[in-house]
Structures are given as structure tokens and as C-alpha cells.
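*Asks:* Got a predicted structure plus its sequence, pasted below:
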Amino acid sequence: MLILFDLNKTCTDAALASILLICKRILRLVQIIGPILAIVSLVIILVRLVSNPEEKKNKSRIKNCLLALVILFFIPTIVNIVMGMLGDSFSISTCWNYAEEVKSYSGVTYIDSGADRQSIISDPSQYQAGEQKHEQATGTGLGKAQKITIKYNVKDSGGRCGTYSGDKCAEIATVKYEKGTVKYYMGYQNNTKLLGGSCRSHAFTCGMNATNNSNYSTLDLQNYLYQTGDQGVLKGKSRFDKVINHFNVKAKAYFNETSISKSISLAKTALDNGQPVIIFVANSKCSDLASSHHALLLLGYDDNNKVVFLDSCLRYPSAKKRTLEELGKCMSNDNIAKNWMRMVIFSF
């Protein structure tokens, strides 16, 4: 079944997302290649100037090369910053900011491997037709994470691992808390079917399954959001609240009603209590964590007090390690948080 990623009424065409994505990649190449060519030209002009100091044209060319060097290096950054500031105010900025995310998921398909479902719950009989049976959320955790082990590039039963755009490997994190050990699955559904949908759907499903001891996939979230007329996209307060209530998730979603500094304070309290947290980060603030905006599922800290997180199929393997306070400086601004999300805190 083809999963449609409907970003906005004006940006539902994957072809448009592809064009914008190509434009963004061209700008990145310009940012790298342009300054190199400008520097080479500058060196050539300087050599000519040394051999012929009286040539006035060479002096003006030096100014032009320096100007070109600055423009070529900073224009792509300026464009991304402007588009990020415009947010969802204009259709072109909306499509630009999320073009890579739309393209990444527009071709995802669900492939039935024929294998039986491998449940991660202790008693599958407690779950019927996608509806979970458990007590109301208590807002508690399992105590601070003591040890976190993450396995990347876990292949499915068919041996697939990144061969095609939709064949991304899974990430599996095993977290040992003070009061128990929990596994988090990010990337593949627990029955070897490929997870589809946005990074928010990946992170939310992963946190929901781990904390609620369930085995949903992002397909369950998307099907529900299609049924409610929300185009299968998990974004905004009303949709998050719908999903939380429908699947009876032990979680609370935050938007721009809480500041970034307050959000980091809430996240610290949650992680210290053994509760996983989703935050939304921006490329304009931390380019190693996102191509536009990206959801990270925070699990705890390493021995150096750096945050350990899952990032939806290891999309950004070169991401720098950061403390929670440093990571807070990467969070998306209010205009994004208002319409998409700022953070989600789960409970056991």
C-alpha cells in the first residue's frame, strides 16, 4: 500500500517536493564548490598582480572575487534561514522547509514479508483490533536510565538494508532503568514490515510502544489520521491530542504554550525520572541534526552527560553529541512548534 505524505494543501505533490529538494541540493553544492572556484580565481589574480602591479583591472577583480566568495558561501544559509523564519506563512516556504521530508517518505511502501507477527508484548491477547487495554497514564517513569545500548543497521528478515530509498535499517535501543529494562524499536515495525510516515510518527510510535508495552506501527497512526480527515500527517495540537486519546497513550504533547527553556527543564525532569522525550530540532540552528526540522527521541545520558537519542533510521549519523542544554539551543522556534510540535513526554 502506498503511503501518501500530505504536507499541506499546497504541497501534496511529491514531484514538487522533488524539485525543491533538487534546488536545495544545488544550493549546497554552490555553497561548497562556489567558494573553492572563487579562491582559485583569487589566487590566479594575485599571481598576475605580483607579476604586473600596475594593472588596475586585477585590483578590481580581487574585490569582485572576495565579494563572490562571501555571497556564494552565505546565500544558501540566508535562504534557509529566511524560509525557516517564514515557516508555514507561505506555501512556498512550507514546501521548501519540508521538501526533503516529503521526498523521503513519498515513495515508502509496506511490504508483507509473509512472516508471522513477532509481538513484543507479554500477553498479546490483551490487544484487539489495534485498540490497547491498559490503565490511565500515571505520569511516572522507571528511574533514571543507567545503561543504553543502541544497535544500528539491523536488517529485516529479507536482508534489506538501505538498498532502495524505502529500505532503511532499524535502530534498536535497549535501556536499563533503575526499575526495569525496556526495548525501543525505531525504523521497522516489529513484524518486519517497514515503518512509513514522518519522523514524528516514527518517534511517537517508538515511544508509545516502549512505554505502553504495545506493538503498533506508524501505519496504525496514519490510517487513523486518514479516517479523521487529517491526511495521515501527525502535526499540530489537535492531531496529537486525537492520537494520544485514541490509542490511550501515556504521553503529553507540548507546543508553543511552553518556551524552549521551560521545555528543556521539563525534559530534564522527565529523563531524570526515566521517561523518554521527543523534541523537534531545526536545521537553521543545528544543521547536523536536521535537513529542515527533525524529531528526536531522547532516552537518557551517556557517561559524559551527553544526550542519547534515536533519530528515525539513523538519518543523521554524523550528529554531534550534546548536553541537554546544548540540545535545547537546536529546538525549533515558536512558529514551527505552534503548527507542528515542540516536544512529547511519555510515561510508563
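*Replies:* Yep, that arrived.
*Asks:* Kindly export stretch 53-73 (C-alpha atoms) in PDB.
*Replies:* Output of stretch 53-73 as PDB, limited to C-alpha atoms (Å, rounded to 0.1, in the frame of the first residue of the first chain):
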ATOM      1  CA  PRO A  53      51.500  45.500 -10.100                       C
ATOM      2  CA  GLU A  54      50.400  48.400 -12.300                       C
ATOM      3  CA  GLU A  55      47.400  46.500 -13.800                       C
ATOM      4  CA  LYS A  56      44.300  48.200 -12.200                       C
ATOM      5  CA  LYS A  57      41.900  45.600 -13.500                       C
ATOM      6  CA  ASN A  58      43.500  43.000 -11.300                       C
ATOM      7  CA  LYS A  59      42.800  45.100  -8.200                       C
ATOM      8  CA  SER A  60      39.100  45.400  -9.000                       C
ATOM      9  CA  ARG A  61      38.900  41.700  -9.800                       C
ATOM     10  CA  ILE A  62      40.200  40.900  -6.300                       C
ATOM     11  CA  LYS A  63      37.300  42.900  -4.800                       C
ATOM     12  CA  ASN A  64      34.900  41.000  -7.100                       C
ATOM     13  CA  CYS A  65      36.300  37.600  -6.100                       C
ATOM     14  CA  LEU A  66      36.100  38.400  -2.400                       C
ATOM     15  CA  LEU A  67      32.500  39.600  -2.800                       C
ATOM     16  CA  ALA A  68      31.700  36.500  -4.800                       C
ATOM     17  CA  LEU A  69      33.300  34.300  -2.200                       C
ATOM     18  CA  VAL A  70      31.100  35.800   0.600                       C
ATOM     19  CA  ILE A  71      27.900  35.700  -1.500                       C
ATOM     20  CA  LEU A  72      28.400  32.100  -2.700                       C
ATOM     21  CA  PHE A  73      29.100  30.900   0.800                       C
END
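*Asks:* buried residues in that stretch?
*Replies:* Applying a neighbour-count criterion of 16 or more other C-beta atoms under 10 Å, one finds 58, 61, 65, 68-69, 72 buried in stretch 53-73. For the C-beta atoms, the positions are set from N, CA and C on the backbone; glycine is no exception.
*Asks:* Give me the subset of the residues you listed that lies in helices.
*Replies:* Members of the buried residues of stretch 53-73 lying in helices (criterion: DSSP state H): 58, 61, 65, 68-69, 72.
*Asks:* picking that back up, possible to save the buried residues of stretch 53-73 as CSV with pLDDT?
*Replies:* Listed next are the buried residues of stretch 53-73 as CSV, based on pLDDT from 0 to 100:
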residue, pLDDT
58, 68
61, 77
65, 79
68, 80
69, 78
72, 78
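*Asks:* for those residues, which one is nearest residue 20?
*Replies:* Using C-beta to C-beta, residue 72 comes nearest to residue 20 of the buried residues of stretch 53-73, at 20.4 Å.
*Asks:* Could I get the contacting residues of the closest one?
*Replies:* Going by C-beta atoms under 8 Å, 6 or more residues apart in numbering, residue 72 touches 30-31, 34-35, 38.
*Asks:* Restricted to buried residues, select those in ChimeraX.
*Replies:* Selecting the buried subset of the contacts of residue 72 in ChimeraX, with 16+ other C-beta under 10 Å as the burial test, is done by:
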select :30,34,35,38
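*Asks:* any idea which of the contacts of residue 72 is closest to residue 82?
*Replies:* For the contacts of residue 72, the nearest to residue 82 is residue 31 (15.1 Å; C-beta to C-beta).
*Asks:* State the distance from the closest one to residue 293.
*Replies:* 20 Å (C-beta to C-beta, to the nearest Å).
*Asks:* Next: residue 259.
*Replies:* Distance from residue 259 to residue 293, by C-beta to C-beta: 18 Å.
*Asks:* Please apply the same query to residue 199.
*Replies:* Note on residue 199: its distance to residue 293, by C-beta to C-beta, is 8 Å.
*Asks:* So which of those two has more stuff around it?
*Replies:* More crowded of residue 199 and residue 293, by other C-beta atoms under 10 Å: residue 293, with 27 against 24.
*Asks:* So the more buried one sits against residue 336, correct?
*Replies:* Yes: with contact defined as C-beta atoms under 8 Å, residue 293 and residue 336 form a contacting pair (6.0 Å).
*Asks:* what touches both of those two?
*Replies:* Common neighbours of residue 293 and residue 336 (C-beta under 8 Å, 6+ apart) are 280, 282.
*Asks:* show me where the stretch 151-300 of the chain has strands.
*Replies:* With DSSP state E, counting those that start in this stretch applied, the stretch 151-300 of the chain shows strands at 170-177, 180-186, 251-254, 277-282, 293-301, listed in chain order.
*Asks:* quick one: which of the ones you listed is nearest residue 222?
*Replies:* Here strand 293-301 is closest among the strands of the stretch 151-300 of the chain (C-beta to C-beta), at 15.1 Å.
*Asks:* burial measure for residue 296, as a count.
*Replies:* So residue 296, with other C-beta under 10 Å, has 25 neighbours.
*Asks:* which residue sits closest to it, ignoring its sequence neighbours?
*Replies:* Closest residue in space to residue 296, ignoring its immediate chain neighbours: residue 309 at 4.5 Å, by C-beta to C-beta, 6 or more residues apart in numbering.
*Asks:* Next one: that neighbour relative to residue 71, how far apart?
*Replies:* When residue 309 is compared with residue 71 (using C-beta to C-beta), they lie 36 Å apart.
*Asks:* looking at this protein, which helix or strand does the model trust least?
*Replies:* In the chain, the helix or strand scored least confidently by mean pLDDT, DSSP states H and E is helix 91-106, which has a mean of 52.
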